[in-house]
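Undergrad: dropping a prediction and its sequence here:
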Amino acid sequence: MRIKDLGTRPAPASLRELLSRAVRGQTPSIPVQRRLIPYWQERGWTRQGNTYSGNYQTPYGAFQGWIEQQRSGHIDFYLYNPSQEIQSHSHWTCFQHRGNDWYLVHMGKQPKDVSSGIMTIERLIKEAFEQQ
Amino acid sequence: MKKLSVVVAGTGQIRDVEIQPGTTAGDVLHQLSLPDYLLSKGPNEPFFAAAESIYDKVKDGEKVFASTKAEVGIVVCA
């Protein structure tokens, strides 16, 4: 007799999984929940009471910011140590120095929420760099 | 038809819409009852004009942002 029976052993796990999938078909997809978070949070800003701190993020870098929401709903946006590019922008006169290199960004048209204001300032910074 | 996810910047709420060729940014905002908002693909992209057709400018399934109108200092400073 040329063949000797050595008994049985389980197939490797990877092979068993492959065969199992072939038998039962594709497994159902698992829906991934979308995060419903405001833009400021998505961009890594943190909130403490009525103030927010974080960075205005642009393709040209991240710029430290601070935001204060007044009880009236009015929102003040601050930018720390604006770069030379920002200082050369046509809207530089809208930046009011408030000491320690912090500048208040005057909004001619106030955004209705913090996130919209952050997006506006990020756009302005990007524009300042692209106008160089 | 293309599907779009419109993120309302202030709340993070996501509104799913389906648009047909010729749909303008204004159509989308009107449909979502966001009259004081502007639509963009993000802070590094320009706002779509209300009358601008967006169908060819967005990808199927893309996320776009709706944010409220704001301008730095244009009334007082510009």
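TA: Structure's in. What do you need? Numbering: from 1, shown residues only, chains lettered A, B, ... in the order given.
Undergrad: from now on I want contacts and neighbour counts done on CA atoms only, so please keep to that.
TA: Noted.
Undergrad: does residue 15 belong to a helix, a strand or coil?
TA: I'll assume chain A. Per DSSP: H, G, I helix; E, B strand; the rest coil, the secondary structure class of residue A:15 is helix.
Undergrad: switch to chain B, please.
TA: Assignment for residue B:15 (three-state DSSP): strand.
Undergrad: please see if stretch B:55-68 touches chain A.
TA: Yes. Counting by C-alpha under 8 Å from any C-alpha of the partner chain, chain A has neighbours in stretch B:55-68: B:67, B:68.
Undergrad: could you tell me how far the helix or strand of chain B with the lowest mean pLDDT lies from the centre of the chain?
TA: For chain B, using mean pLDDT, DSSP states H and E, the weakest element among its helices and strands is strand B:71-72, scoring a mean of 81. Here strand B:71-72 is found 18 Å from its chain centre; the criterion is C-alpha atoms, centre = their mean, to the nearest Å.
Undergrad: that one pairs with which strands, parallel or anti?
TA: Strand B:71-72 sits in its sheet next to strand A:107-109 (antiparallel), going by DSSP bridges.
Undergrad: next secondary structure element downstream of the strand it pairs with?
TA: Note on strand A:107-109: by DSSP states H and E, the next helix or strand toward the C-terminus is helix A:114-130.
Undergrad: in what helix or strand does the residue positioned nearest the centre of chain B lie?
TA: Using C-alpha atoms, centre = their mean, the residue of chain B that lies closest to the mean C-alpha position is residue B:39, 1.7 Å off. Element membership of residue B:39, judged by DSSP H and E, is strand B:37-40.
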